[in-house]
Every structure is written in structure tokens, then in C-alpha cells.
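Chemist: test case, fold it:
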Amino acid sequence: MVRMDVTPDREELIELAHYRMPFGRFKDRYLVDLPEAYLIWFKQKGFPEGKLGKLMASILEIKVNGLETLIRKIQKDFPRRLG
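Modeler: Numbering: from 1, shown residues only. Next comes the predicted model:
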């Protein structure tokens, strides 16, 4: 039997919680605050390449599964360090 480690990386979750949309209509909003319909539209058109696309896909899965409160708790418990 092959075991897969599905434990999310703590630093990646903190980054996801604090990542902001870098462009467009929702520029500077946290990804978790993007409307689900907007994320679905992006999924249909194709998420951007690289880190942003991966994070947007992750946030969509989080939203579809009703787990936004976990991301908001991470935002509260692990405030973004400036500098």
C-alpha cells in the first residue's frame, strides 16, 4: 500500500491565506474574498500559469467545500509579517 502525505504545509497555508489578487477587477483582495463565480470562470477559461493559478485553484476547492473559515482563522492567528 502506498501512503500519500496530504498534510498541508503550514507556510503554504499561511501564504495562501494572505495572498492578494495582483490584477483585474478584484485587485488587492485576498484570494479567499474572491467571489466563487469569478474563480469558476477562471477555472473554465484556465487559471493563470504558476503560483497564482495554483493558489486560485486551491481557494476554489476550499470555497466549494465550505472551508473559508479555516483560511480566515489562519489570517487571524498568523498575521502577515511586514518587512
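Chemist: tell me the mean pLDDT over the helix or strand where residue 44 lies?
Modeler: Under the criterion of DSSP states H and E, residue 44 resides in helix 36-45. Across helix 36-45, pLDDT averages out at 97.
Chemist: got the contact list for it?
Modeler: For helix 36-45, the surrounding residues in contact (CB atoms under 8 Å, 6 or more residues apart in numbering) are 25, 26, 48, 56, 57, 59, 60, 63, 64. For every residue, glycine as well, the C-beta is placed using N, CA and C.
Chemist: any of those residues buried? List them.
Modeler: Listed as buried from those are 56, 59, 60, 63; burial here means 16 or more other CB atoms under 10 Å.
Chemist: find the helix or strand that the second one is a member of.
Modeler: Per DSSP H and E: residue 59 is located in helix 50-64.
Chemist: now for the most centrally placed residue in the chain: which residues touch it?
Modeler: Central residue of the chain (CA atoms, centre = their mean): residue 59, 3.6 Å from the mean position. By CB under 8 Å, 6+ apart, the contact set of residue 59 is 16, 31, 32, 34, 39, 71.
Chemist: you'd agree the third one is up against residue 70?
Modeler: Put plainly, it is residue 32. No. In this structure, residue 32 is not within contact of residue 70 by CB atoms under 8 Å, at 9.5 Å.
Chemist: find the residues that touch each one of those two.
Modeler: Jointly contacting residue 32 and residue 70 under the rule CB under 8 Å, 6+ apart are residue 62.
Chemist: more crowded one of these two?
Modeler: residue 32 (21 against 15; other CB atoms under 10 Å).
Chemist: so in this structure, where's the weakest helix or strand by average pLDDT?
Modeler: Least confident helix or strand, the chain: helix 10-18 with a mean of 92, by mean pLDDT, DSSP states H and E.
Chemist: ok, and what's touching stretch 48-58?
Modeler: Residues contacting stretch 48-58 (CB under 8 Å, 6+ apart): 15, 16, 19, 22, 31, 34, 39, 42, 43, 47.
Chemist: quick check, nearest of those to residue 79?
Modeler: When the contacts of stretch 48-58 are ranked by distance to residue 79 (CB to CB), residue 15 comes first, at 13.1 Å.
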